[in-house]
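[1] All I have is the shape, not the residue letters:
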């Protein structure tokens with residue numbers, strides 16, 4: 001597969017606090033990539049940086065060869081109007097204008113592009129709503145007149161209306177019940193399989209990713225600690241933090257041989273600035289962890305940032 005999105009050594013700071021620290025990750029054309037990690041790990045910040053909504057202090061972000069971090073002014077606005085990259089926000093209530101109708105919200109990107117007549121926009125809006133499992137009759141309602149699950153799917157319909165090449169979905173099923181969750185997950189898988197759309201799904205729910213993602217990237221403390229094919233990563237993790245996530249998830253822990261309790265550290269390990277971001281919580285940390293590990297390729301399509309890699313598993 002070719003690389004559609006190339007994130008190279010990206011760092012993001014807020015108020016002198018480093019939120020992302022040198023993250024490098026390639027997203028391949030036509031795949032679903034899951035990004036997992038606990039709250040505060042930098043998942044949403046990474047997605048916002050890709051969209052130009054977070055201040056990139058270092059590194060480069062390239063979309064199909066175009067350096068997005070170098071775009072400014074008119075060039076940036078022109079690129080955004082292509083609709084090639086779409087972001088589905090986590091909180092639909094805050095992401096939707098309460099005074100706009102569903103039709104206005106879903107058709108906004110098409111209207112901004114200025115290439116279609118109103119009747120054509122209306123057709124595309126109805127098609128997008130139908131695609132996400134919503135009745136086009138909802139087009140005249142405002143966000144406050146529909147349910148939380150419907151609002152989540154309106155956000156997805158807005159993204160799909162402009163026929164994107166890449167979808168960034170931030171917790172796309174967190175507000176949905178089981179039935180609607182499965183519908184959206186099947187929809188995302190179908191976009192990959194039938195339309196060739198590349199999808200990045202940010203989630204803390206491993207069960208949502210396990211059935212649809214091709215690969216997974218694990219973030220901790222603003223750093224990428226492991227990535228690779230999702231089945232391999234979740235069933236045979238190389239990083240102790242990934243192992244803890246897998247062992248703590250009801251959907252995948254039955255495949256994991258190490259109990260979660262044996263993967264939790266005491267949290268009282270002193271870590272020098274510039275050391276491994278996970279060392280303070282890691283029960284396998286040693287003196288060498290005072291230096292931050294580099295992300296290294298292991299097993300062909302997998303990479304891990306850990307000084308001990310698989311040696312920690314032998315000590316459990």
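    Looks like it arrived, so ask away. Predicted model, so just to flag it, every value in this text is computed and none were measured. Residues are numbered from 1 along each chain as shown.
[2] ranges for the strands of the stretch 51-200 of the chain?
    Here the stretch 51-200 of the chain has its strands, by DSSP state E, counting those that start in this stretch, at 56-63, 66-67, 85-88, 166-170, 198-202.
[3] got CSV for those strands, with distance to residue 177, mean pLDDT and mean neighbour count too?
    C-beta: built from backbone N, CA, C; applies to glycine. Listed next are the strands of the stretch 51-200 of the chain as CSV, based on distance: least, C-beta to C-beta, whole Å; pLDDT from 0 to 100; neighbours: other C-beta atoms under 10 Å:
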stretch, distance to residue 177, mean pLDDT, mean neighbour count
strand 56-63, 34, 96, 17
strand 66-67, 39, 96, 12
strand 85-88, 18, 96, 24
strand 166-170, 18, 96, 23
strand 198-202, 18, 96, 25
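[4] Would you reformat these as CSV and include distance to residue 181?
    Formatted as CSV, these follow (distance: least, C-beta to C-beta, whole Å):
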stretch, distance to residue 181
strand 56-63, 29
strand 66-67, 34
strand 85-88, 14
strand 166-170, 13
strand 198-202, 12
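[5] count of neighbours near the nearest residue to residue 1 once chain neighbours are set aside?
    Distances taken as C-beta to C-beta, 6 or more residues apart in numbering put residue 28 closest to residue 1, at 3.8 Å, once the chain neighbours are dropped. Per other C-beta atoms under 10 Å, the neighbour tally for residue 28 reads 15.
[6] ok, residue 112 - contacts?
    residue 81 (C-beta atoms under 8 Å, 6 or more residues apart in numbering).
[7] which residues sit in contact with the residue nearest to residue 1?
    Neighbours of residue 28 in contact, by C-beta under 8 Å, 6+ apart: 1-4, 198, 215.
[8] Please render the residues you listed as JSON lines that adds secondary structure and distance to residue 118 to the earlier fields.
    Shown next, in JSON lines, are the contacts of residue 28 (DSSP: H, G, I helix; E, B strand; the rest coil; distance: C-beta to C-beta, whole Å):
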{"residue": "1", "secondary structure": "coil", "distance to residue 118": "38"}
{"residue": "2", "secondary structure": "coil", "distance to residue 118": "37"}
{"residue": "3", "secondary structure": "strand", "distance to residue 118": "38"}
{"residue": "4", "secondary structure": "strand", "distance to residue 118": "32"}
{"residue": "198", "secondary structure": "strand", "distance to residue 118": "30"}
{"residue": "215", "secondary structure": "strand", "distance to residue 118": "41"}
